[in-house]
Each structure stands twice: as structure tokens, then as C-alpha cells.
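# task: produce atomic coordinates for the following.
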Amino acid sequence: MDKSDFFDNLLGQSSEFCSVIRAARITALTNVTVLILGESGTGKELLAQAIHHHSRRVSGPFIAVNCAALPETLAESELFGYRKGAFTGAVADQKGRIQAAHGGTLFLDEIGELPISIQAKLLRFLETGECQVLGKTQLEQVDTRIIAATNRDLYTQTQEGKFRPDLYYRLNIVPLELPPLRQRLDDLEQLLHTFTEQLAQQHELPPPCYSQALVKQLHHYHWPGNIRELRNFCERMVILFSKQTIETKHLPREFRTQKTALFQQIEGFILPDTGLNLQSLEIQMIRQALQKTYGNRTQAARLLGLTRDTLLYRLKKYAIE
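This is a model prediction of the structure:
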């Protein structure tokens, strides 16, 4: 497959999304460490794969590791490998994921979940290329590129002592932030029809059609699961409504009720006779947005319809940690 095809698989024409893809294409041609940011389901691993396949390391391996799935007691041996006899049960030498990705790329998903006890070793590897195998005194030189991803606000985690600041700044050389689907609804129809055609071919079924009313309804949906949720929706429609025209009545309940709930909250709001404290309300909204985005200030700003700088100003103004 041609290298460019991997970026072509990342569908979308919205300006913010295209800006990220342009930066990723440039970054791919270097060996720099990359940090991919974005909510769950926005396509972080697909972007990491595209960067790898567009790089000079394309002939090397691409290995993905979900840091959230690594038990703390095994994380070090999984990443750095171990020598026979290093611990009970180590009956043979075992390569770690870093060595296995030599000459290629190691994708560390959910990097914010990496145990802090392992972060110092990862930092040393990023700075020197030296890998400390468990049970071995000599350091190994390994040529592996690291691409990390997270849906957390790592800067906030450094302030809370949950992530090493030095590792954060070492990873954050080239941050690429994928926007959530609700911020790129101009791409929704392209994604909807492309996924539907692909999944219809995969399941060997005639694809369904979507009414204009249904497409309009999909634009009002919040899409908390992002691109992954849209793809799952398309697969459900292909299987259940093959060869049919899908109307709004066929939508799952969450798609039909969310718009009503949203309007009840916004349009149906009535100012109490006693009035309200706008400053207190604003503080509560900011706290809720930070809670919903796990402290990610960029995403919280989007939820509130603010720029990141405006949100940071308000956080400072109201002394919100």
C-alpha cells in the first residue's frame, strides 16, 4: 500500500482536523517523539499508524501497547524485558516491547495510566536510547520511536503528582490533538456514508440509505463515543436495515431523546423570581466541564464554548484548581 493511503484513511475536511493531519504528515518524516491527544474514539491509534507508515521506519514493526491494561507489577518487564532468573517465573530471557519495536515504532496508548514507578526508565530511554533490561546490568541501545497518546490532561496530572513533569515535557515535543466528532460535524456525512459502504462490503450486504431528516438528527447528537461510536452505529444500521431507507423512527433511543433533553435544559430554562448568582453558576459550569473531560482544559473549553486562554483566565480568576 502506498504510504499516503494511510493518511487518506483518516477521513475529514474540517479545518481543525486537516490542520492536525498536515502537522502529522510533516512530523512523520522525522524521528521526533509524538504525543497524540484527544477523547476516546477520535482515532488516535489510526493516526499513530499513519505516522509510522509515512515515516522512514515503515519497514520496521509497529507495536501498540495499552498502558492502562498493564498491571503495575508487570509493566516494567513488559516494556523493558527481562533476563532469565530476574524474578520468580522468569524461566527464559524475554524481549520487552521496546526491543521488539527496534527499527520501528512503539505506540504507548493511555500513557497517562503508566505507573509513575516506570516513568523514570521511560524518560531515560527517550533521552538516551538506552534500555535497562530487568536482571541485566548492561544497558542495551535500542532504536525505537515512541508515539504516545492520551485522553487525559497530562499537565494537570503533573500538578497533582500523578505524572512526571520531566517525562511530560519530553513527550510533549510535538502534540497533535484530534478534535472530537461534535467539533467536526461538517465531516459527519462523509464519515457516515464511507463507513456504511465499507461495512456493507465487509458483511456482504446491500447498504441502507439515510433520509435527510435522519442525517439532520445525527447532527444534533453529541457523539460521546466519537468516530468509534459513529462506525458502530453504521454497522448496526447495515445489519438491521440492509437495503432499506432509514428514517428517524429507526434511530436508537439515545439519538431520539438527546435533542429533546438538550432543548429542555437550554430553551426551557426559566430565570427564578429570586434571581441567580451568575458567578456561582459560571464556577459550577467550569467545574462540571473539567470533571466531564477528566481535567483536560482544552476539551473543557470546547464544552463551554470558550477558547483555552479564556478558560485559563477564568480558572485563575476564580482560583479553580
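# which element follows the lowest-mean-pLDDT helix or strand in the chain toward the C-terminus?
Lowest mean confidence among the helices and strands of the chain (mean pLDDT, DSSP states H and E): helix 253-266, at a mean of 58. Of the helices and strands lying after helix 253-266 in sequence (DSSP states H and E), the nearest is helix 278-292.
# pull out the buried residues from that following helix.
Neighbour-count burial for helix 278-292, counted by 16 or more other C-beta atoms under 10 Å, picks out 283, 286, 289-290. (Each C-beta comes from the backbone N, C-alpha and C, glycine too.)
# same deal with stretch 203-223?
Buried positions in stretch 203-223, judged by neighbour count with 16+ other C-beta under 10 Å: 207-208, 210, 214, 217-218, 221, 223.
# quick revisit: let's have the buried residues of helix 278-292 in JSON lines, adding distance to residue 18.
Formatted as JSON lines, the buried residues of helix 278-292 follow (distance: C-beta to C-beta, whole Å):
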{"residue": "283", "distance to residue 18": "36"}
{"residue": "286", "distance to residue 18": "30"}
{"residue": "289", "distance to residue 18": "26"}
{"residue": "290", "distance to residue 18": "28"}
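# what segments of the stretch 101-250 of the chain are strands?
Secondary structure of the stretch 101-250 of the chain, counting by DSSP state E, counting those that start in this stretch: strands at 105-109, 130-131, 140-141, 145-150, 174-177, 209-210, 245-246.
# distance of residue 151 from residue 36?
In this view, residue 151 and residue 36 are 10 Å apart by C-beta to C-beta, to the nearest Å.
# and for residue 82?
Here residue 82 is placed at a distance of 29 Å from residue 36 (C-beta to C-beta).
# got it, and residue 144?
Counting by C-beta to C-beta, the gap between residue 144 and residue 36 amounts to 17 Å.
# more crowded one of those two?
Under the criterion of other C-beta atoms under 10 Å, the comparison of residue 144 against residue 36 puts residue 36 first, with 27 against 22.
# pretty sure that one sits against residue 49.
No - with contact defined as C-beta atoms under 8 Å, residue 36 does not count as touching residue 49 (10.9 Å).
# residues contacting residue 287?
With C-beta atoms under 8 Å, 6 or more residues apart in numbering as the criterion, the residues that contact residue 287 are residue 320.
# ignore the last one, residue 65
The neighbours of residue 65, taking C-beta under 8 Å, 6+ apart as the test, are 78-79, 97, 106-109.
# tell me which helix or strand it sits in.
When the helices and strands are read off by DSSP H and E, the one containing residue 65 is strand 62-66.
# partner strands of that strand, parallel or antiparallel?
Under the criterion DSSP bridges, strand 62-66 sits next to strand 105-109 (parallel) in its sheet.
# can you give me the helices in the stretch 101-250 of the chain?
Per DSSP state H, counting those that start in this stretch, the stretch 101-250 of the chain carries helices over the ranges 116-128, 154-159, 165-171, 188-203, 212-220, 226-240.
# still on that earlier bit, turn the buried residues of stretch 203-223 into JSON lines, including distance to residue 314.
Formatted as JSON lines, the entries for those read as follows, by distance: C-beta to C-beta, whole Å:
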{"residue": "207", "distance to residue 314": "47"}
{"residue": "208", "distance to residue 314": "45"}
{"residue": "210", "distance to residue 314": "40"}
{"residue": "214", "distance to residue 314": "38"}
{"residue": "217", "distance to residue 314": "33"}
{"residue": "218", "distance to residue 314": "32"}
{"residue": "221", "distance to residue 314": "28"}
{"residue": "223", "distance to residue 314": "26"}
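# any idea which of the residues you listed is closest to residue 159?
Nearest to residue 159 among the buried residues of stretch 203-223 is residue 223, at 29.7 Å by C-beta to C-beta.
# which ones are touching the closest residue to that closest one other than its chain neighbours?
Distances taken as C-beta to C-beta, 6 or more residues apart in numbering place residue 181 nearest to residue 223, at 4.2 Å, with adjacent residues excluded. Shown in contact with residue 181 (C-beta under 8 Å, 6+ apart): 41-42, 187-188, 191, 223, 226-227, 229-230.
# one more pass at 6 Å, please.
For residue 181, the residues meeting the contact criterion (C-beta atoms under 6 Å, 6 or more residues apart in numbering) are 223, 226-227.
# and residue 20, by the same measure?
176, 178.
# residue 170 too?
Residues near residue 170 by C-beta under 6 Å, 6+ apart: 123, 126.
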